[in-house]
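# requesting a structural model of the entry that follows:
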Amino acid sequence: MNELEELLSKLGTELDKPLPQVEVPTVEGEGLSEDQMVRVTVSGGQVSDIAIDPRSLRKSSVELADDLKEAMNAALVAHADALMVAMQADATDPSTLNTDLDAIAGEASRSLTEYLDLMTQMMESTAAKEG
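Numbering: from 1, shown residues only. Model (predicted):
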């Protein structure tokens, strides 16, 4: 088996492997209402805590609902931001990936050049024999 066939075989083997499981980090985000009397915590994508200052219970149901909505939205944004930061920290460094891809491209180019050189030699040898 020549180098090109080996390289193609290795590539086929790599493509047949299942993709690695991506773990989503568990992060937490917290949001407050404007008056800071309602606090919502989101952890792992779910609401894990809601704290309402007893003084908020004097508000109308509409005002309390608005405070809850505001705190919930702020917690979701904080959770999404924390998740993005955590996932970027675990991400592959693009410069490393680029270096690896350059190495693979270089190896493929060398193998292809060798293969083409061998093919050219075989064709020249056949042409010389046929005369």
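
# gap between the two ends of stretch 25-36?
One end of stretch 25-36 to the other measures 28 Å (Cα to Cα, to the nearest Å).

# report the buried residues of that stretch.
Buried residues in stretch 25-36, counted by 16 or more other Cβ atoms under 10 Å: 27, 29-33. Heads up, the C-betas are built off the backbone N, CA and C, glycines and all.

# what lies in contact with that stretch?
With Cβ atoms under 8 Å, 6 or more residues apart in numbering as the contact definition, stretch 25-36 has outside contacts at 38-44, 48, 56, 66-68, 70-83, 85-87, 90.

# how far does that stretch sit from its chain's centre?
Centre-to-centre, stretch 25-36 and its host chain are 24 Å apart (Cα atoms, centre = their mean, to the nearest Å).

# next one: stretch 75-84
The chain centroid and the centroid of stretch 75-84 are separated by 16 Å under Cα atoms, centre = their mean.

# in that stretch, what's buried?
For stretch 75-84, the neighbour count (16+ other Cβ under 10 Å) marks 75-76, 78-79, 82-83 as buried.

# next: stretch 61-70.
Buried, per 16+ other Cβ under 10 Å, within stretch 61-70: 64, 67-68, 70.

# what mean pLDDT would you report for it?
Averaging pLDDT along stretch 61-70 gives 96.

# repeat that for stretch 76-83.
For stretch 76-83, the mean pLDDT works out to 95.

# for the closest residue to Ile52 other than its chain neighbours, give me phi and psi.
What sits nearest to Ile52 in space, not counting adjacent residues and going by Cβ to Cβ, 6 or more residues apart in numbering, is Val38, at 5.4 Å. Main-chain dihedrals, Val38, degrees, to the nearest 10: phi -120, psi 130.

# what is the burial count for Thr96?
Neighbourhood size, Thr96 [other Cβ atoms under 10 Å]: 9.

# any idea which element it lies in?
helix 94-130 (DSSP states H and E).

# re earlier: among the contacts of stretch 25-36, which ones are in helices?
Mapping those onto helices (DSSP state H) picks out 66-68, 70-83, 85-87, 90.

# quick one on the thing from earlier: test my guess that the residue nearest to Ile52 contacts Asp49.
No. Counting by Cβ atoms under 8 Å, Asp49 is not a contact partner of Val38; they are 11.3 Å apart.
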